[in-house]
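K.L.:
Could you work out the structure for the sequence below:
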Amino acid sequence: MLDRYGFPLTTSSAAARDAYVAGVDLSLSANHGSEEAFRRAIAWNEGLAAGHVALARTLEVQEKPPADKG
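P.N.:
All right, here's what the predicted structure looks like:
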């Protein structure tokens, strides 16, 4: 699958791709909701590397620490 810009994504899930693309759109337009969209993308496909990277970057920009999984 490809994202909106034609870059390949490591998923075969249309729902994961759509949530990721929505997250990117929200992030680039500085609108609320990108964190939730990236979390949905990861929920649809835990192996979606771009989703994890985008979520980490979003949390960094928002100055939020990652959730403790311990």
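K.L.:
At the geometric centre of this protein, which residue sits there?
P.N.:
residue 38 (2.8 Å; C-alpha atoms, centre = their mean).
K.L.:
In three-state terms, label that residue for me.
P.N.:
helix (DSSP: H, G, I helix; E, B strand; the rest coil).
K.L.:
can I assume it is in contact with residue 21?
P.N.:
No. Using C-beta atoms under 8 Å, residue 38 is not in contact with residue 21, being 10.6 Å away. Every residue, glycine included, has its C-beta placed from N, CA and C.
K.L.:
so who does the residue nearest to the centre of the chain touch?
P.N.:
By C-beta atoms under 8 Å, 6 or more residues apart in numbering, the contact set of residue 38 is 19-20, 23, 51, 54-55, 58.
K.L.:
Check the spacing between it and residue 47 real quick.
P.N.:
14 Å (C-beta to C-beta, to the nearest Å).
K.L.:
shared neighbours, the two?
P.N.:
Joint contacts of residue 38 and residue 47 (C-beta under 8 Å, 6+ apart) do not exist.
K.L.:
Can you give me the pLDDT of residue 64?
P.N.:
pLDDT for residue 64: 77.
K.L.:
hang on, it in a strand?
P.N.:
No. Counting by three-state DSSP, residue 64 is not found in a strand; it is coil.
K.L.:
ok, how many other residues are close to it?
P.N.:
10 (other C-beta atoms under 10 Å).
K.L.:
Ok, residue 3 next?
P.N.:
Neighbours around residue 3, by other C-beta under 10 Å: 13.
K.L.:
Run through the residues that contact it.
P.N.:
Residue 3 makes contact with 9, 17, 20-21, 24, 50, according to C-beta under 8 Å, 6+ apart.
K.L.:
Can you flag which of those residues belong to strands?
P.N.:
Using DSSP state E, no member of the contacts of residue 3 sits in strands.
K.L.:
With neighbour count and distance to residue 31 as extra columns, can I get those residues in JSON lines?
P.N.:
Formatted as JSON lines, these follow (neighbours: other C-beta atoms under 10 Å; distance: C-beta to C-beta, whole Å):
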{"residue": "9", "neighbour count": "19", "distance to residue 31": "21"}
{"residue": "17", "neighbour count": "22", "distance to residue 31": "19"}
{"residue": "20", "neighbour count": "28", "distance to residue 31": "15"}
{"residue": "21", "neighbour count": "18", "distance to residue 31": "14"}
{"residue": "24", "neighbour count": "20", "distance to residue 31": "11"}
{"residue": "50", "neighbour count": "21", "distance to residue 31": "19"}
